[in-house]
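>>> Here is a sequence together with a model predicted from it:
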Amino acid sequence: MDSVYFTRRFGFHAIVSNATNKIWCFSKIDCEVQVIQDHDQFLHIKVSSGILPEDIFCTFIYAKCSRNPRRILWEELKALSNHKTPWLVGGDFNAILHTEENMGGIINRLGPLEDFNDMILESGLTDAGFEGEPFTWTNKRVWRRLDRVLYSKEWTDLINITRVTHLPRRLSDHYPLLIIADRTENRWPSSFRFQKMWVYHQNFLETAKRCWSLPIHGSGMYKLQPKLYRMKEHLKIWNKQTFGNIFSLVDQAKSASSETEILFDKNPCDQHLISLNQKTAELVHALNMESEYWRQKSNCKWLEAGEEIPSTSTH
């Protein structure tokens, strides 16, 4: 494909690409782009501009489909994270973080998911989240979120708002990602509040231990501060992906419990009884989490568990 043609066609000033010519990066005339590292699975660049107080770094990804080549990519990204600069990483990672990012297909091995999660944690990166459809790739039988944007703490210190939108898919099997970055001044830092309902989840302790045990360079407070920041950002993402909207979870649990109760009333067999007990337990669990949420949110003293003032942690 003629990259020069598309540079002019799209109204850009210049283009850089990786050696395999699978990753193209267009730039306007007011930006200076320098290729720092060219790899068959990514293109790492430095961007300089008069509107930025310092240079930023971007790594655009086109990951291999196989696990072993992706492991090489993860190691390369972990090495890049040591520079501690404003850094954005985005593209087709050909991997998902959680089974919820897959629909229609069977996940036979969790190893590739763990590889991806470990890379993000060890690199100190945060998922930027998204607006729009939940998946970014489909073959019309399977849907997965293979494309995403990650960024470093230094990026958020410089770029206050990074918004990612999954645009409608046209001819490609991937959904385009639109990234909007804004350096709005005087933004109040967002607070972090530990939610007591998290401790009710069966995977919470394992998730927290795994994040905390990952290596950090340094000693004393220089080691503690980045570990706390990494834990905070990881729990934010885990909370969103695991709990989502607590009220929607309660409504879904109520509906499921009612449906299984109707089935049991019509046919009180052992299978329906087991299903009813399971859905009832899930409803009780969801209601407990909702109650804990409101207890901590409103600091009420009249709920059954009493007079305790909820403890919070803000960093």
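Thanks, I have the structure now. What you are looking at is a predicted structure, and each value in this text was computed from that prediction instead of being measured.

>>> ok, then the element right after the least confident helix or strand in the chain by mean pLDDT?
Lowest by mean pLDDT, DSSP states H and E among the helices and strands of the chain is helix 221-242, with a mean of 73. Following helix 221-242 in sequence order, the next helix or strand is helix 246-266 (DSSP states H and E).

>>> How about the spatially most central residue of the chain, nearest residue that isn't a chain neighbour?
Nearest to the mean C-alpha position of the chain, by C-alpha atoms, centre = their mean, lies Asp127 at 3.4 Å. In space, and not counting its chain neighbours, Asp127 is closest to Ile237: 5.4 Å by C-beta to C-beta, 6 or more residues apart in numbering. Every C-beta, even on glycine, is put in place using the N, C-alpha and C of the backbone.

>>> my read: the one you found touches Thr126, true?
Yes - counting by C-beta atoms under 8 Å, Thr126 is a contact partner of Ile237 at 7.0 Å.

>>> Name the residue in these two with the higher neighbour count.
Legend: neighbour count by other C-beta atoms under 10 Å for Ile237 and Thr126, higher for Thr126 (22 against 15).

>>> The more buried one: what's it in contact with?
By C-beta atoms under 8 Å, 6 or more residues apart in numbering, the contact set of Thr126 is Ile120, Leu150, Tyr151, Ser152, Lys153, Thr156, Glu233, Lys236, Ile237.

>>> What about Gly11, how many residues nearby?
Here the count is done by other C-beta under 10 Å, and Gly11 has 8 residues near it.

>>> Next, work out how far apart it and Ser27 are.
11 Å (C-beta to C-beta, to the nearest Å).

>>> repeat for Thr207
Note on Thr207: its distance to Ser27, by C-beta to C-beta, is 39 Å.

>>> Check Asp40 too.
Asp40 is 22 Å from Ser27, by C-beta to C-beta.

>>> May I see the buried residues of the helix or strand containing Trp212?
Trp212 belongs to helix 204-213 when elements are defined using DSSP H and E. In terms of neighbour count (16 or more other C-beta atoms under 10 Å), helix 204-213 has its buried residues at Phe204, Thr207, Ala208, Cys211.

>>> mind giving me the domain split of the chain?
By the assignment in automatic domain parsing, the chain contains the domains 3-187, 193-315.

>>> List of residues touching the helix holding Trp212?
Helix 204-213 has contacts (C-beta under 8 Å, 6+ apart) with Leu121, Trp198, Val199, Lys227, Arg230, Met231, His234, Leu235, Trp238.

>>> now the angle from that helix to helix 221-242?
150 degrees (axes from the mean of the first three to the mean of the last three C-alpha atoms, to 10 degrees).

>>> What segments of this structure are strands?
14-17, 24-27, 31-38, 42-49, 56-62, 87-92, 102-103, 126-127, 131-132, 137-138, 143-144, 147-151, 161-166, 177-182 (DSSP state E).

>>> And the ones you listed: which comes nearest Lys266?
Taking C-beta to C-beta, strand 102-103 is the member of the strands of the chain nearest to Lys266, at 30.4 Å.

>>> Would you mind pulling up the elements that that closest one packs against?
For strand 102-103, the contact count by 3 or more C-beta pairs under 8 Å, 6 or more residues apart in numbering; DSSP states H and E identifies strand 143-144 as packing neighbours.

>>> All good on my end, thank you.
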